[in-house]
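A.B. asks: fold the following for me, if possible:
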Amino acid sequence: MTLLATLSHPAYSQTSPHNLTTSEQATETAEAPRPAPRYLLQNSDGRAVMPTDFKDRFQLIAFGYISCPDVCPTTMAEMQQVLQALGPRAKYLQPIFISVDPQRDTLAVLGAYTANFDKRIMGLTGSETLLRFAANNFNVTYTKIHEPGAGPNVYTVDHTAGMFLLGPDGQLLKKFGYSTPVDRITQEIEQW
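C.D. replies: Next up is the predicted model:
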């Protein structure tokens, strides 16, 4: 199954919490050439960041938000474990967490959140327009879910879960489904 077929599969785009992938889709190789996913966002220092900033390095990217009660902290812990498992080879990998909740996830808060897991994980966010552009390039969806009768800042965000591996040339190599075992992710990265 190609990555494009996987990303258009109904189980991938379902509207259940966090758009969880099935075990069949846990890891897919990008077989057909497609444009490299692009983004232009800001890091916690306010500096503009795009994929070309990481030439000759792999990128492991997850989309989420800081107030996420379960999926995002689990994904961040897995990203941290991948870095630890890679040991000195981790210098060839840039882990990235892209927040899809710029209303609450300010640059300073985002920097503290990612550093809490591992200082090497870069937190990125941006305007709603730039976030939608990035999400669309990765075929990621996200939607605010407001609680009835709650204030404007009381909401969750339904979002696509998992991690994306980009190669040193910026091409999408793999999409790892939510809860793909860390050793499997590490092995896949090492094979490249």
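A.B. asks: count of residues packed around Gln171?
C.D. replies: Gln171 has 15 neighbours, counted by other C-beta atoms under 10 Å. Heads up, the C-betas are built off the backbone N, CA and C, glycines and all.
A.B. asks: now it: how far from Leu165?
C.D. replies: Distance of Gln171 to Leu165, computed by C-beta to C-beta, to the nearest Å: 10 Å.
A.B. asks: cool, and Glu128?
C.D. replies: 26 Å.
A.B. asks: what about these two, which has more around it?
C.D. replies: Leu165 (22 against 10).
A.B. asks: which residues touch the more buried one?
C.D. replies: Taking C-beta atoms under 8 Å, 6 or more residues apart in numbering, we find Leu165 in contact with 58-61, 172-176, 188-189, 192.
A.B. asks: again with Phe117
C.D. replies: Contacts of Phe117 (C-beta under 8 Å, 6+ apart): 76-77, 79-80.
A.B. asks: would you turn the residues you listed into JSON lines with distance to Pro37 and neighbour count?
C.D. replies: Formatted as JSON lines, the contacts of Phe117 follow (distance: C-beta to C-beta, whole Å; neighbours: other C-beta atoms under 10 Å):
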{"residue": "Met76", "distance to Pro37": "20", "neighbour count": "23"}
{"residue": "Ala77", "distance to Pro37": "24", "neighbour count": "13"}
{"residue": "Met79", "distance to Pro37": "18", "neighbour count": "25"}
{"residue": "Gln80", "distance to Pro37": "23", "neighbour count": "18"}
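A.B. asks: just the closest of those to Thr106, please.
C.D. replies: For Thr106, the nearest member of the contacts of Phe117 is Met76. The distance, counting by C-beta to C-beta, is 17.5 Å.
A.B. asks: now the strands for the protein?
C.D. replies: Ranges of strands in the chain, per DSSP state E, are 27-29, 41-42, 48-49, 58-64, 93-99, 122-124, 142-146, 155-159, 163-166, 172-176.
A.B. asks: which of the contacts of Phe117 sits closest to Asp101?
C.D. replies: Using C-beta to C-beta, those come closest to Asp101 at Met76, 14.4 Å.
A.B. asks: my guess is that closest one meets Ile98, correct?
C.D. replies: No. Using C-beta atoms under 8 Å, Met76 is not in contact with Ile98, being 11.9 Å away.
A.B. asks: for the residue nearest the centre of the chain, list the residues it contacts.
C.D. replies: Centroid-nearest residue in the chain, with C-alpha atoms, centre = their mean: Ala62, separated by 1.2 Å. By C-beta under 8 Å, 6+ apart, the contact list for Ala62 reads 72, 75-76, 79, 96-98, 162-164.
A.B. asks: helices and strands of this structure: which one bottoms out on pLDDT?
C.D. replies: Using mean pLDDT, DSSP states H and E, helix 3-8 stands out as the lowest-scoring helix or strand of the chain, at a mean of 32.
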